[in-house]
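1. What would the 3D arrangement of this be:
(one chain, ligands or ions: 1)
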Amino acid sequence: MDGTEFSLSILGKRVNAYRAAVVGSRGASGLNPEQEPISRKAGVMGNVAVVIGATGLVGRALVDRLAAAGHIDGVMALTRRPAGHPSPKVHNHVVDFEHLENHAALFQADLLFSALGTTRKQAGSIAAQRTVDLDYQYKAAQLAAGHGVRHYLLVSSSGADAGSRNPYLRMKGELEQRVQALPFERISIFQPSLLMGQREEVRIAEKLGSWILPVLCALPGLRRFRPIGGDQVAAKMVLVSRQPGRGREWFRLDEIFVQ
Ligand SMILES: NC(=O)c1ccc[n+]([C@@H]2O[C@H](COP(=O)([O-])OP(=O)(O)OC[C@H]3O[C@@H](n4cnc5c(N)ncnc54)[C@H](OP(=O)(O)O)[C@@H]3O)[C@@H](O)[C@H]2O)c1
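-> Below you'll find the model as predicted:
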């Protein structure tokens, strides 16, 4: 053990985990290879946030906002394809979501932001969509809880309900239910309605919804269905991560709009 490693070891597991992950990141994607944030972090003992779904509408905004957030020292963006970011705080790891357990060490952090998801069309079937929206996200939550992550923040959906006849709302509800049993100190679940924002692919139904819903939702009684920007959801999540709290909490649409 050299002098640097010795001093890190007495600063606790989070620093060591962050160091291991950052060193690992050089091999994974080659991003941010020149930086050495450990010495800066060693004296700081700040927060490390893992983000899954980091290339998505909400996830991209999350990474940007976390990179700029004063209470976050490092951001681990776990993705299935390389995703560069200009901030030296952000470290990208390309992982195999089918075998997340092979990347368990990356979950030694303080916070997990979970914004993974697909559509039935993209996935090919409801079963394949469940694999991404439910199984991958639950596995990530399990690994994080098992590695001492204290705060778990999940993008779920309005209407999420484990008993729903709608398969999408059911998978969202099942995930909400399952993660509650995990030993996180704090769980924050966000339930947005239709998400608006710039996407890489065109989603016709969402496009139509983002035109029609704002008009419809001006009507009394329909406000609770109005669309929300992906960036607004991310902003609320980062704000909540900065505030103290314990236990389980839900943020429904109206509460997400309030920043
Ligand atoms: N769209 C809506 O209107 C809406 C409304 C309410 C709730 N939600 C929920 O909110 C969450 C975030 O939504 P979003 O619109 O920000 O998501 P998004 O833009 O579709 O991004 C999804 C993320 O998941 C990743 N992903 C998808 N399939 C994957 C796979 N097979 N393996 C690994 N990664 C995969 C994507 O990676 P790639 O970039 O590599 O594809 C991307 O990072 C989702 O859980 C969604 O169900 C969405």
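2. mind listing what the residue lying closest to L116 once chain neighbours are set aside touches?
-> Among residues not flanking L116 along the chain, G53 sits closest, at 3.8 Å (Cβ to Cβ, 6 or more residues apart in numbering). All C-beta spots, glycine's among them, are computed from the backbone N, C-alpha and C. Neighbour list for G53: 59, 113-117, 155 [criterion: Cβ atoms under 8 Å, 6 or more residues apart in numbering].
3. ok, those vs the ligand, which is closest?
-> Among the contacts of G53, G117 lies closest to the ligand (Cβ to the nearest ligand atom), at 2.6 Å.
4. The closest one falls within a helix, correct?
-> No: with DSSP: H, G, I helix; E, B strand; the rest coil as the criterion, G117 is assigned coil and is not in a helix.
5. what residues does the chain put near the ligand?
-> 53-59, 80-81, 97, 115-118, 132-133, 155, 157, 192, 194-195, 206, 230 (Cβ under 6 Å from any ligand atom).
6. the longest strand in the protein is where?
-> Taking DSSP state E as the criterion, the chain has its longest strand at strand 72-79.
7. strands paired with the following helix or strand past that strand, and their directions?
-> Using DSSP states H and E, the helix or strand that follows strand 72-79 towards the C-terminus is strand 90-94. Paired neighbours of strand 90-94 in the sheet (DSSP bridges): strand 72-79 (parallel).
8. Name the residue of the stretch 51-200 of the chain that lies nearest to the ligand.
-> Counting by Cβ to the nearest ligand atom, the stretch 51-200 of the chain gets nearest the ligand through G56, at 2.1 Å.
9. what about that residue, distance to A104?
-> 23 Å (Cβ to Cβ, to the nearest Å).
10. show me where pLDDT drops low in the stretch 51-200 of the chain?
-> By pLDDT under 70, the stretch 51-200 of the chain contains no weakly predicted segment.
11. Tell me where it has helices.
-> 57-68, 120-123, 126-130, 137-146, 167-180 (DSSP state H, counting those that start in this stretch).
12. Could I get the contacting residues of V75?
-> V75 sits next to 48-49, 51, 63, 66-67, 85, 87, 89-91 when contact means Cβ under 8 Å, 6+ apart.
13. Try it again at 10 Å.
-> 47-51, 54, 62-67, 69, 85, 87, 89-92, 109, 111, 113 (Cβ atoms under 10 Å, 6 or more residues apart in numbering).
14. ok, back up a step: so for G56 and A104, which sits in the more crowded spot?
-> Neighbour count, other Cβ atoms under 10 Å: between G56 and A104, G56 has more, with 23 against 13.
15. Touching, the more buried one and R80? I think so.
-> No: between G56 and R80 there is no contact under Cβ atoms under 10 Å: 11.2 Å.
16. Spit out the residues that contact the two alike.
-> Common neighbours of G56 and R80 (criterion: Cβ under 10 Å, 6+ apart): L116.
17. so how far is the first residue of stretch 82-92 from its last?
-> Chord length of stretch 82-92, first to last residue, is 7 Å (Cα to Cα, to the nearest Å).
18. Name the residues of that stretch that are buried.
-> The neighbour-count check on stretch 82-92 (16 or more other Cβ atoms under 10 Å) flags 83, 85, 89-92 as buried.
19. For the residues you listed, work out which two are farthest apart.
-> Across the buried residues of stretch 82-92, no pair lies farther apart than A83 and K89, at 14.1 Å, counting by Cβ to Cβ.
20. picking up where we left off before, out of the helices of the stretch 51-200 of the chain, which is the most enclosed?
-> Most buried of these by mean neighbour count (mean count of other Cβ atoms under 10 Å) is helix 57-68; its value is a mean of 23.
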